[in-house]
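Asks: Next comes the sequence, and after it the predicted model I'd like to discuss.
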Amino acid sequence: MRCAVQDGPQRVTTNGDSERPNLARLFDYYLGGAHNFAVDRTVAEESIKMYPVAEIARMIRSFSRRVVRLCVEEHGIRQFLDLGSGIPTAGNVHEVAQGIDPSCKVVYVDRDPVTVAHARTMLRDNLNAAIVQSDIGDVGAVLRHPETRRLIDFTQPTAVLMVGVLPYVTEEPAGVVARYRAALTEGSILALTHLTKDMEPELVGRLVELADGMDLDLVPRSKQDVEDFLCGLKLLEPGLVLAAHWRADGELPGASAAADASTYGAVGMV
């Protein structure tokens, strides 16, 4: 069911990274991508036996695709900043956006050098897409980066995507969101998802333990916390809801009700 193709990712290695699992490559595997190594597949399969991690990854990716289509088709947005993007694997932002309009421009941002190495290989022939290596909390560095300035004109409507990344922002996440929002002109969109314990505390608590075992800080937050991130935005219907339910008309129900209940999603307009 999942792709185990090794051609491509085996050519992208950084300091022996093929010998230890990498979060971005785990998500790539969960999404059916080919940019992962044997060590990632082993860890991924073990985690799948215990948690609905693949279902959560696919649910979040589905939300992202719906948001991108809405931005391009309904709001005329042609430039995207995808924060904490991971590897731009199956169903990525540029694939969806440029599939509708090839002129769409996409800047991915990730701090992990392994992720960036994979992404640069994947994007090398795409002049309208690039990846910036930076911590998304360093908003100035992201916005001033030469690749960001080359591809994105912030005087024009822009979509900023914070999909799946905010639980990893441990210091002043609301401030980080506010600083990106402040850079956007009227008509821009900010979309986000966030892990929560509100409905599935046991499951999400186990996911936090799983992340801790990989030396990752993962912070679930309440609906009230997420609402605070959205202050000053005009929320598009249906507002702040479970990401699996956000404009999901016509889509098949998720394979895991628990996974669907793990994550909030919202889209707001500046």
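Replies: That came through fine. Residues are numbered from 1 along each chain as shown.
Asks: longest helix in this protein, by residue count?
Replies: In the chain, assigned by DSSP state H, the helix with the most residues is helix 53-75.
Asks: tell me what that helix is packed against?
Replies: For helix 53-75, the packing partners by 3 or more C-beta pairs under 8 Å, 6 or more residues apart in numbering; DSSP states H and E come out as helix 23-30, helix 38-50, helix 93-100, strand 159-162, strand 189-195, helix 257-260, strand 263-269. Where you see a C-beta, it was placed from the backbone N, CA and C, and this is true even at glycine.
Asks: give the contact list for the nearest residue to I100 once chain neighbours are set aside.
Replies: Nearest residue to I100, sequence neighbours excluded (C-beta to C-beta, 6 or more residues apart in numbering): V72, at 4.7 Å. Contacts for V72 (C-beta atoms under 8 Å, 6 or more residues apart in numbering) come out as R78, V96, A97, I100, D101, C104.
Asks: what pLDDT does the fourth one get?
Replies: Per-residue confidence at I100 stands at 98 (pLDDT).
Asks: Any idea how many residues pack against it?
Replies: Neighbours of I100 under the rule other C-beta atoms under 10 Å: 14.
Asks: I figured P167 hits V226, correct?
Replies: No - P167 lies out of contact with V226 (C-beta atoms under 8 Å); the separation is 10.5 Å.
Asks: what residues are shared contacts of these two?
Replies: Common neighbours of P167 and V226, counting by C-beta under 8 Å, 6+ apart, are H194.
Asks: what's in contact with stretch 162-180?
Replies: Stretch 162-180 is contacted by residues 60, 63-64, 67, 81-84, 86, 136-137, 139, 160, 190-195, 216-221, 228-232 when judged by C-beta under 8 Å, 6+ apart.
Asks: could the helices and strands packed on helix 53-75 be laid out in a markdown table, adding distance to M122?
Replies: Conversion of those to a markdown table gives the following (distance: least, C-beta to C-beta, whole Å):
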| stretch | distance to M122 |
| --- | --- |
| helix 23-30 | 10 |
| helix 38-50 | 16 |
| helix 93-100 | 10 |
| strand 159-162 | 18 |
| strand 189-195 | 22 |
| helix 257-260 | 27 |
| strand 263-269 | 26 |
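Asks: worst average pLDDT in those?
Replies: Lowest mean pLDDT within the helices and strands packed on helix 53-75: helix 23-30, at a mean of 84.
Asks: Let me know how buried S85 is, in neighbour terms.
Replies: Per other C-beta under 10 Å, the neighbour tally for S85 reads 28.
Asks: same check, this time on G99
Replies: Look at G99: counted by other C-beta under 10 Å, it has 12 neighbours.
Asks: Show me what counts as buried in stretch 75-90.
Replies: For stretch 75-90, a neighbour-count test (16 or more other C-beta atoms under 10 Å) marks 77-89 as buried.
Asks: Name the strands paired with the next helix-or-strand element following the longest helix of the chain and say parallel or antiparallel.
Replies: Using DSSP states H and E, the helix or strand that follows helix 53-75 in sequence is strand 79-83. Paired neighbours of strand 79-83 in the sheet (DSSP bridges): strand 105-110 (parallel), strand 159-162 (parallel).
Asks: quick one: the longest one to helix 93-100, angle?
Replies: Between strand 105-110 and helix 93-100, the angle formed by their directions is 170 degrees, by axes from the mean of the first three to the mean of the last three C-alpha atoms, to 10 degrees.
Asks: I appreciate the help and will end here.
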